[in-house]
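Asker: next come a sequence and a model predicted from it.
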Amino acid sequence: MEPVTMAKAINLSLRDALTRDENVLIFGEDVGALGGVFRITDGLQKAFGEERVFDTPLAESSIVGIAVGLALRGFKPVPEIQFDGFIYPAFEQIVSHVAKYRNRSGVPLPITIRVPFGGHIGAVEHHSESPEAYFAHTAGLKVVTPSTPADAYALLQAAIDDPDPVIFFEPKARYYLKEEIDTAARVPIGKARVAQEGSGVTVIAYGPTVSIALQAAKTAAAEKISLEVIDLRSLSPLDMDTVMASVRKTHRAVVVHEAPVFCGFGAEVAARISHDAFDLLEAPVARLGGLNAPYPPARYEKLYLPDVDRILQAADAALAYG
Amino acid sequence: MEPVTMAKAINLSLRDALTRDENVLIFGEDVGALGGVFRITDGLQKAFGEERVFDTPLAESSIVGIAVGLALRGFKPVPEIQFDGFIYPAFEQIVSHVAKYRNRSGVPLPITIRVPFGGHIGAVEHHSESPEAYFAHTAGLKVVTPSTPADAYALLQAAIDDPDPVIFFEPKARYYLKEEIDTAARVPIGKARVAQEGSGVTVIAYGPTVSIALQAAKTAAAEKISLEVIDLRSLSPLDMDTVMASVRKTHRAVVVHEAPVFCGFGAEVAARISHDAFDLLEAPVARLGGLNAPYPPARYEKLYLPDVDRILQAADAALAYG
Amino acid sequence: MADVVRVVAADDPLRALFSPAGELTAEARSRLGLDAAALRELYRNMVLIRRADQEALNLQRQGELGLWGQFLGQEAIHVGAMTALRATDWVFPSYREFGMAMVRGIDPAEMLTLFRGLSHGPWDPRRYHFAPLAIPVATQVPHAVGFAMGCRLKHGDEVVLSTFGDGATSEGDWHEAMNFAGVFKTPVVFLCQNNYWAISVPLSKQTAGSIADRALGYGFPGIRIDGNDVLGVYAAVAAAADRARQGDGPYLIEAVTYRMGAHTSSDDPTRYRPESELEAWNAKDPIARYRAWLEQQGIIDEGTVAAIADAAESAAQAMRARLTAMPTPPPGEAIFGRVYSNPPESFLREREEFESSLEGS
Amino acid sequence: MADVVRVVAADDPLRALFSPAGELTAEARSRLGLDAAALRELYRNMVLIRRADQEALNLQRQGELGLWGQFLGQEAIHVGAMTALRATDWVFPSYREFGMAMVRGIDPAEMLTLFRGLSHGPWDPRRYHFAPLAIPVATQVPHAVGFAMGCRLKHGDEVVLSTFGDGATSEGDWHEAMNFAGVFKTPVVFLCQNNYWAISVPLSKQTAGSIADRALGYGFPGIRIDGNDVLGVYAAVAAAADRARQGDGPYLIEAVTYRMGAHTSSDDPTRYRPESELEAWNAKDPIARYRAWLEQQGIIDEGTVAAIADAAESAAQAMRARLTAMPTPPPGEAIFGRVYSNPPESFLREREEFESSLEGS
Ligand SMILES: Cc1ncc(C[n+]2csc(CCOP(=O)(O)OP(=O)(O)O)c2C)c(N)n1
Ligand SMILES: Cc1ncc(C[n+]2csc(CCOP(=O)(O)OP(=O)(O)O)c2C)c(N)n1
Ligand SMILES: [Mg+2]
Ligand SMILES: [Mg+2]
């Protein structure tokens, strides 16, 4: 197969899901004729018709709300939320219903909510948020995010096939990463991936920060510093086995995401490693993330977000510790 | 002064704020004639009139949304959200506007959102949630919660006086705790309190879990185990100085809240202690909280929530570690 | 405010059945197509659910339930609406629709386990076509609409009943769902139980407008009817459901009634509600009114009335007995059992640890 | 759907000004009370803001702005509405109200720093009585209503203008705020810029109902008017603002117009929009139409038209020059400077660390 972008891989994954299961429905704002503002649903309405791929009125709470009703009626809804910053109106439906409906009814809720997330796209306010920790903290949800085209394809298949609700975060700044993908490969929810083997420091990343972690690993390698990069892929459930296997090797860990550090997902990872690897760690677990301020105007996003340098500094500090 | 309940202390604090500053407004569902479902606003409409204390239509997003507009017009709005589980429809307004409006406009937003929270009240679904981590992770907000009547009075004064938005979580299961209060005492936002001095293990709690931590300390004392109990009072900003001062003494820490542990506020506390006290800790920081499942039916809440026994076990484990 | 408001829709089969004041016309009443047995059944169901409601309140007062929200005064809506539906039609209730659920055949004792703190949703919605109670106000309305969209997509002939209170109409979710229903022309009947109160907030503070008239803004008709007339409610829901089944889309029925009890057992309405309102509404009691009409029509006699009262009494006692005898499900199952279809390993581990910690203690 | 809809409200001063089709009547036009200079100023402002809009698009294409959302075709609404208000009246815009802000006197170059990625809100709302742009659709509507509630409580005589698009009317926040406005009878004029599109979603998929008619359900009047007639918009907003100022509460104006450009510079409308629509609307261009009328009335001549075009040209060039010359605020200030009034110590510490890390690099 030709190399494809992550955007295309997601498109293919949706297409294959629509083909495979007639209960899959795709809907949201502008997903029809336009094919989505990122063209992720390009051509799908044409191929599958307006009943299976449709535009909705501009109302996120109901986009998620109808997904609950459709799921009860036997569908597998795959709603799209146009941008990270516009998922908040749907928060009530997600937290009070999507996450808890099975628990009160016994009825499975195979809903996959797709959300382009993260920064580095030079956008205006509300278009670069990283709200994953809100959902990871919500029991009843599964939360995943791919960092490569291949994982995007396979993880989305897994999410749609899963009988439980999944929040599928798409690192929009990585939509144009390209690689060959194998549509037969499977990526189960709940399994992290060693994106780069190494021995000195474990760098734990997900979604958009995986590529900068890999870049950091490359730069570090030039200075004979070996970083092992873990791509979590699944935030909830969190694959601590893979994380711990790495920390057992490196005894040092850095976790990196775009969301502000305070109470971010890195807190969970750091708390877990600090706990489970208490006797193994040779340096405190470092957390890198967005600054603890609202996402800034685009001109400042590079300074706001963690970058290769900050990862290298944290890795150096971990190696120099003690 | 007679001992008063926390409910009464909050009522007095609102009354004093209304008296002191004519720009203070109280509104929400049923806060007027009824005085709130917990009677926190009892008598306030009668005393201050329907213009200053008023019922709104049943719409949380707009309860918060009008607070933004009122603040721009020079008021100090103190809206009430009736229960923790009903704050989610207002999430968009809180995250996208309350937290960020000053950042985009320069206009101060002295809004205090009162939210009864937590469990242990034998209620039906959605009435026992602990959503504090969602807000603590949101840059631009301050998040506080008292555990005693005196703190409730003073912390609410500080919140209303603060020129920035504050989410004020009221531990509803503790509304009937009683003590004398000193209305002249001040509790600044951002300062934790040593609720019980001790030397063996630091137990970090806030809101509803402070009293069980104190009970645990009492029980432990009988077995000659000394627990130091920290009542955080302010989650964001977090007073790490007070926490660290304690851990420097005890070398062991347990953090306890009602929200599910995964990605809960305890993750931030544990990650920080593990990091800042890396060379001091003699045991991994333990996190106790609700189980990682939706809040259960009332009959099971005692089993779901952390209790004295679990605190004691965690303290014992910390002391026995290594 | 508005001096004259007239909304006339060509495809509105309900308008003709009701007077401008929302009363079922005598002519429409005579053409309902319900035989004497069916008419008696309406009465019987109203009596049964009222007695069960009272028993639930008793149980709450005796400490057997944590909370109870009476629907006293709203029986005509519960019974009229449910009788107008087919068993395959789905209902998406809020939290006060206990009577509706009883009419649908859900065991009331089982339902009460929710208020006993044993379950968040004691029945299988798929078995009864009756969704779980929705406590966050208005949040169930988009579910109803989504379900109805699904019915259309599957070319099913089910209709969905979406019920909510007057207070619910202020929530954003309510509006969004109404608008979706209009756009997708979904087979859904919206039934507002306007009982004049949302806890302590009277309708006049809930909105300055009219609930029924809002339908127009969404592209479908709405009507305001007497919600204390079981036949009127039956007729309206039946006609709206028929219309929806034929593919003509949604309809909004605002059934005007009154909450005769407290909001819930935790509420104290004397703090905000004038007694005089109760007296006025007592005179319009849906059961007494209907009984008088049945008697006048010679459809029911004192003997039948007494027999129905007896049946209601024993049903209530049986409900109590079943409820109090019900076992407490094991904690592991109650807390973890239904969260996921495909539970993550870490979740199963946590459950196991929890369960073994219980054995330990 | 509805065959006949008539809403007549006694306290509705707008209804008489417009034909049922939403056209300002000749009689009303003749009694607007605007002298020739004022009529010319309306024209001038429309030309100025259109030229600035075009320049912003140019700047975006040249890489000087990250994004631009044209308001081409909506100038009559921007200018008509703003001219009808007092300088002390507040405006709560969404994100396409650049022209309105210009009319209010905000420096367009400063405004563009938002789209240049330098600021989330470049002006002080208190100085211009113009709230920051609101990007999350409809979320600004409750702010407008809250502000207007505050005006009433302070017994001020300001009126609030709340503007939003057709798409915005589908959001829950829109509904809630409209309902609050009705209940609290707030001095707010709701102005829907119905430009037929919400990105790629046409009005027909946005709602099956009527936007203007929704007002009724909230207890105040609404009207649908021609949004490409600057005098009609002026008349409607002036009358609604007067009414609100007198304490008669909110009014909803649905101004029908058309988005002649793309949604934003990131959008490609050829994917979803038939060209033919543009042609039809081009014929109704608000500036050409108004100029023809002014000429016909002898209020404007070719010389004035040319002079105004020149002024618009130089203003646009000056805007560009000011924008591109604007310094980049220091990062510490831009990221941390406005978050809190009373910043926590830990926040200040983080800012300091950030700033010294910059010095280091
Ligand atoms: C989103 C949300 N906010 C607040 C509440 C608390 N609450 C429960 S019932 C109720 C009033 C509802 O009134 P209405 O819709 O008229 O229904 P009724 O109780 O009269 O049947 C309120 C405010 C809630 N359950 N959900
Ligand atoms: C809550 C929210 N959801 C989605 C978006 C993305 N979005 C930006 S503008 C827009 C369409 C708005 O249409 P309309 O209200 O008609 O205004 P117009 O753009 O036509 O001026 C959408 C979907 C957003 N900004 N906010
Ligand atoms: Mg009600
Ligand atoms: Mg539009």
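Answerer: Thanks, I have the structure now. Ligands and ions are numbered 1, 2, ... in the order given.
Asker: going by C-alpha atoms from here, please, whenever you check contacts or count neighbours.
Answerer: Noted.
Asker: just give the number of residues close to the closest residue to ligand 4 within chain A.
Answerer: The nearest approach of chain A to ligand 4 comes at A:Leu58, 10.5 Å away (Cα to the ion). A:Leu58 is flanked by 28 other residues according to other Cα atoms under 10 Å in any protein chain shown.
Asker: so what's it up against?
Answerer: A:29, D:167-168, D:170-171, D:198, D:206 (Cα atoms under 8 Å, 6 or more residues apart in numbering or on different chains).
Asker: all helices of the stretch 51-200 of chain C, in order?
Answerer: Ranges of helices in the stretch 51-200 of chain C, per DSSP state H, counting those that start in this stretch, are C:75-83, C:98-104, C:108-112, C:125-128, C:140-153, C:172-184.
Asker: would TSV of those with distance to D:Pro330 and mean pLDDT be doable?
Answerer: As requested, the helices of the stretch 51-200 of chain C are exported to TSV (distance: least, Cα to Cα, whole Å; pLDDT from 0 to 100):
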stretch	distance to D:Pro330	mean pLDDT
helix C:75-83	65	98
helix C:98-104	62	98
helix C:108-112	62	98
helix C:125-128	59	98
helix C:140-153	46	98
helix C:172-184	40	98
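Asker: and ligand 1, which of those is closest to it?
Answerer: Closest of the helices of the stretch 51-200 of chain C to ligand 1 is helix C:172-184, at 9.4 Å (criterion: Cα to the nearest ligand atom).
Asker: domains of the chain?
Answerer: Picked chain A for this. For chain A, automatic domain parsing gives the domain ranges A:4-179, A:193-321.
Asker: oops, wrong one, chain C.
Answerer: Residue ranges for the domains of chain C, per automatic domain parsing: C:9-328, C:334-361.
Asker: who wins for proximity to B:Val143 among those?
Answerer: Smallest distance to B:Val143 across the domains of chain C (Cα to Cα): 23.8 Å, for domain C:9-328.
Asker: and the closest one with chain D, contact?
Answerer: Yes. Judged by Cα under 8 Å from any Cα of the partner chain, domain C:9-328 and chain D are in contact via C:9-11, C:170-176, C:179-180, C:182-183, C:204-214, C:216-221.
Asker: ranges for the strands of the stretch 51-200 of chain A?
Answerer: A:53-55, A:76-80, A:112-117, A:142-144, A:166-171, A:178-179, A:193-196 (DSSP state E, counting those that start in this stretch).
Asker: in CSV: these, plus distance to chain C.
Answerer: Listed next are these as CSV, based on distance: least, Cα to the nearest Cα, whole Å:
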stretch, distance to chain C
strand A:53-55, 10
strand A:76-80, 10
strand A:112-117, 14
strand A:142-144, 9
strand A:166-171, 11
strand A:178-179, 30
strand A:193-196, 17
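Asker: quick one, which of those strands is nearest to B:Pro296?
Answerer: strand A:142-144 (18.9 Å).
Asker: about what we covered before: go through the contacts of A:Leu58 and say which is closest to D:Arg104.
Answerer: D:Ala168 (23.3 Å).
Asker: count of neighbours near the nearest residue to C:Thr324 once chain neighbours are set aside?
Answerer: Closest residue in space to C:Thr324, ignoring its immediate chain neighbours: C:Glu64 at 7.6 Å, by Cα to Cα, 6 or more residues apart in numbering or on different chains. Number of residues near C:Glu64 (other Cα under 10 Å) recorded here: 19.
Asker: quick check: residues of chain C near ligand 3?
Answerer: Contact residues (Cα under 5 Å from the ion) of chain C with ligand 3: C:165-166, C:195, C:197-198.
Asker: for the stretch 151-300 of chain A, which spans come out with low pLDDT?
Answerer: Along the stretch 151-300 of chain A, no part satisfies pLDDT under 70.
Asker: all helices in it, in order from the N-terminus.
Answerer: Under DSSP H, counting those that start in this stretch, the stretch 151-300 of chain A gives helices at A:209-222, A:240-250, A:265-276.
Asker: what of the stretch 251-361 of chain C?
Answerer: C:275-282, C:286-296, C:302-325, C:331-336, C:345-360.
Asker: save those as TSV, and put in distance to C:Tyr128 too.
Answerer: Shown next, in TSV, are those (distance: least, Cα to Cα, whole Å):
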stretch	distance to C:Tyr128
helix C:275-282	33
helix C:286-296	26
helix C:302-325	19
helix C:331-336	21
helix C:345-360	30
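Asker: around chain D, which positions in the stretch 101-250 of chain A sit nearby?
Answerer: Within the stretch 101-250 of chain A, the positions adjacent to chain D are A:122-126 by Cα under 8 Å from any Cα.
Asker: quick one, which of the domains of chain A gets closest to C:Val230.
Answerer: Per Cα to Cα, nearest to C:Val230 of these: domain A:4-179, 28.8 Å.
Asker: now the end-to-end length of the closest one.
Answerer: For domain A:4-179, the first-to-last residue distance is 5 Å (Cα to Cα, to the nearest Å).
Asker: next, see if that domain gets close to ligand 1.
Answerer: No. Domain A:4-179 stays clear of ligand 1 (Cα under 6 Å from any ligand atom), getting no nearer than 8.6 Å.
Asker: burial count for the residue nearest to C:Pro202 when sequence neighbours are not counted?
Answerer: With Cα to Cα, 6+ apart as the criterion, C:Pro202 has its nearest non-adjacent residue at 5.7 Å, and that residue is C:Tyr196. Residues near C:Tyr196, counting by other Cα under 10 Å, number 19.
Asker: now residue 12: phi and psi?
Answerer: I'll assume chain A. With angles defined as degrees, to the nearest 10, A:Leu12 shows backbone torsions of phi -60, psi -40.
Asker: please go with chain C instead
Answerer: phi -110, psi 90.
Asker: between the residues of the stretch 101-250 of chain A next to chain D, which is nearest D:Arg271?
Answerer: D:Arg271 lies nearest to A:Ala123 out of those, by Cα to Cα, at 22.3 Å.
Asker: wait, the closest one sits on D:Gly66?
Answerer: Yes. The pair A:Ala123 / D:Gly66 is scored as a contact, 6.9 Å apart, by Cα atoms under 8 Å.
Asker: quick check: neighbours shared by these two?
Answerer: Common neighbours of A:Ala123 and D:Gly66 (criterion: Cα under 8 Å, 6+ apart): D:Gly117.
Asker: compare these two (neighbour count), which wins?
Answerer: Counted by other Cα under 10 Å, A:Ala123 and D:Gly66 do not tie: D:Gly66 has more neighbours, with 23 against 18.
Asker: could you pull up the residues touching the more buried one?
Answerer: Going by Cα under 8 Å, 6+ apart, the list of residues near D:Gly66 reads A:122-123, D:60, D:115-117.
Asker: one step back: CSV for the residues of chain C next to ligand 3, including distance to chain B, neighbour count and pLDDT?
Answerer: CSV is the format used below for the residues of chain C next to ligand 3 (distance: Cα to the nearest Cα, whole Å; neighbours: other Cα atoms under 10 Å in any protein chain shown; pLDDT from 0 to 100):
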residue, distance to chain B, neighbour count, pLDDT
C:Gly165, 11, 23, 98
C:Asp166, 10, 24, 98
C:Asn195, 15, 22, 98
C:Trp197, 11, 20, 98
C:Ala198, 8, 21, 98
